[in-house]
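how does the following fold in three dimensions:
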Amino acid sequence: MDVFLDPAIGRNKSEALFEQLREAIVSGRLHHGDRLPATRVLAAELGVARSTITTVYGRLVAEGYVEGRAGGGSSVSYRRAGASESPTRPTTLSAPNLGLLDTTRWSLGGFDAAPPAFDLRSGRPDPAFFPLLEWRRAMSDALHVAPTGYMEPAGRADLRRALAHWVQRSRAVDADPDQVMVTAGAQQGVDVIARLLLRPGDVVAVEDPGYPPVRSLFLALGAAVVPVPVDRDGLVVDRIPDDARLVYVTPSHQSPTGAVMSLDRRRALLDLAERRDLVIVEDDYDSEYRHEDRPLEPLHRLDRNGRVVYVGTFSKTLAPSLRLGFLVLPTALVHDATTLRSLMDWQPPDASQRALHRFVTDGALDRHLRRTRRRYRERHALVAAFCHDAAEQGLVAEAHHHVAGLHTTVHLPQGVAEAAVRARAGHDGVALGDYGQCWQAENHPEGLIIGFGAVTTDDLPEALRRVDSALRHAAG
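Numbering: from 1, shown residues only. Next comes the predicted model:
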């Protein structure tokens, strides 16, 4: 605890110190049970006689703010009735860019004090699948070496080599290690590119429906975000505005509809990028989990002109809280992106990088993906069958055909509101994804996002039974 005493006070030091400590207790900066510094220590720090501190503490005890304990020093006894533990001060400061956000359409969710009985929200892998033993070994190995000083802003060279090799082998992305940047998840990767390439007012084309956090990020940076419709073949390239500077897409598994961008659309988008000097941000957030068919070539592999920034993440394959992802940058952007990264947080955490390097190079990541693919494929089949049956019974109007990922999306019949279904499901202990948040268009179809990553295969039938009940209740 810091206590300040103005040397110019003179004889009123005791009174000033009492008022300062009393204010700290009453305002909540010192909580009930907090220990006060020993009288000898505080006297030495402030350069006053120990008797001055003893007098102040005695007065605080007499007025009920502090209690003394034999051999235990002095501690705060005052309790603030009905007040917040963290008082705030009024301020006139504001964040002008954040004022651009439509906070009613996107909010941080999923931090429940009491988690739902069945969590069917999207983007949540099963924590029970996390390879704890292998990751612990990798982290233990990483901590055998003491952390060094500042390192490379783009990430450790050995990890970038390992990621370049892995992404070439697993996703057919042609990457040189120098083009790889280790990031704190996909969101930081998009943030780096947006800060590097966009000026306030620049037009950014995003999918509609699309991924809300990225849309909100562009808005927070002052960009003009323009929605572009999505159909069964992915982003409708012909609807990209003429003045767009950047296009953000999820071509392998469109978020949230699940559409896979056709090869013709991919080529058309790349041709458009070359003609208009566009940058394409390809977010490949969960293509490791394909349940049917073979994937199409990534935009990055088809790109011959350095127009595509590839974004990868381990949030779906390992865990979101690890905050591990990467970029594959066009060569022309490597130097500037690395310089910008050094200004943001200098470098990724070294221990996490070392652990990920071992996890990838020892084959643990590949083994983990083989195990989890089988398990998620079983859940995907259950959800797909449920959606098919619900469509036949008229409970849903349309079920999107998802071939990858950890969620699926359905549209609701005319007159059935998503809010009503989600509310009823929530009452029954089921949390569903928020489809409405994904849209910018006002007159969008009502629908549901049904995730299956965080519910066990044994529990999933009961969770879906409750969704069925919610659909029937909302339909009257």
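
please parse the chain into its domains.
Listed domain ranges for the chain are 7-76, 114-126+369-474, 131-366 (source: automatic domain parsing).

lowest mean pLDDT across these, which one is that?
Of all the domains of the chain, the segment with the smallest mean pLDDT is domain 7-76, scoring a mean of 86.

would JSON lines of the domains of the chain with mean neighbour count be doable?
C-beta here means a position set from N, CA and C on the backbone, and glycine is covered the same way. Shown next, in JSON lines, are the domains of the chain (neighbours: other Cβ atoms under 10 Å):
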{"stretch": "domain 7-76", "mean neighbour count": "15"}
{"stretch": "domain 114-126+369-474", "mean neighbour count": "18"}
{"stretch": "domain 131-366", "mean neighbour count": "19"}
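
just the helices in the chain please.
Taking DSSP state H as the criterion, the chain carries its helices at 13-27, 39-46, 50-62, 132-142, 157-171, 185-197, 212-220, 263-276, 299-302, 334-344, 350-361, 364-392, 418-427, 460-474.

now the last one against helix 418-427, angle please.
If you take axes from the mean of the first three to the mean of the last three Cα atoms, to 10 degrees, helix 460-474 sits at 130 degrees to helix 418-427.

what's helix 460-474 packed up against?
On a contact count with 3 or more Cβ pairs under 8 Å, 6 or more residues apart in numbering; DSSP states H and E, helix 460-474 meets strand 118-120, helix 364-392, helix 418-427, strand 430-432, strand 447-451.

among the ones you listed, which is nearest residue 206?
Closest approach to residue 206 among the helices and strands packed on helix 460-474 (Cβ to Cβ): strand 447-451, 17.6 Å.

mind listing residues that contact that closest one?
119-124, 256, 383, 386-387, 396, 406-412, 418, 421-422, 432-435, 438, 464, 467 (Cβ atoms under 8 Å, 6 or more residues apart in numbering).

for the nearest residue to residue 250 once chain neighbours are set aside, what are its contacts?
Residue nearest to residue 250 in three dimensions, not counting chain neighbours: residue 283, with 4.9 Å by Cβ to Cβ, 6 or more residues apart in numbering. Residues in contact with residue 283 (Cβ under 8 Å, 6+ apart) are 186, 190, 211, 214, 248, 249, 250, 255, 311.

any idea how far residue 283 is from residue 171?
13 Å (Cβ to Cβ, to the nearest Å).

rewinding a little: to residue 76, which of the helices of the chain lies closest?
The closest of those to residue 76 is helix 13-27. By Cβ to Cβ, the value is 5.5 Å.

from the middle of its chain, how far away would that closest one be?
Centroid displacement of helix 13-27 relative to its chain, using Cα atoms, centre = their mean, to the nearest Å, is 42 Å.

wait, residue 43 touches residue 53, no?
Yes - shown here, residue 43 and residue 53 form a contact pair, counting by Cβ atoms under 8 Å, at 4.8 Å.

returning to that earlier point: can you put the helices and strands packed on helix 460-474 in a markdown table and add distance to residue 65?
Conversion of those to a markdown table gives the following (distance: least, Cβ to Cβ, whole Å):
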| stretch | distance to residue 65 |
| --- | --- |
| strand 118-120 | 45 |
| helix 364-392 | 55 |
| helix 418-427 | 45 |
| strand 430-432 | 45 |
| strand 447-451 | 51 |
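
out of the ones you listed, which comes closest to residue 223?
Shortest distance between residue 223 and those, using Cβ to Cβ, is found for strand 447-451: 25.5 Å.

that closest one versus helix 418-427: what angle between them?
Interaxial angle, strand 447-451 versus helix 418-427 (the same axes, to 10 degrees): 40 degrees.

C-alpha coordinates for strand 447-451, CSV please?
C-alpha atoms of strand 447-451 as CSV (Å, rounded to 0.1, in the frame of the first residue of the first chain):
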residue,chain,number,x,y,z
GLY,A,447,-32.3,-18.9,-37.6
LEU,A,448,-30.3,-20.9,-35.0
ILE,A,449,-26.7,-21.8,-34.6
ILE,A,450,-26.3,-25.2,-33.0
GLY,A,451,-22.8,-26.0,-31.8
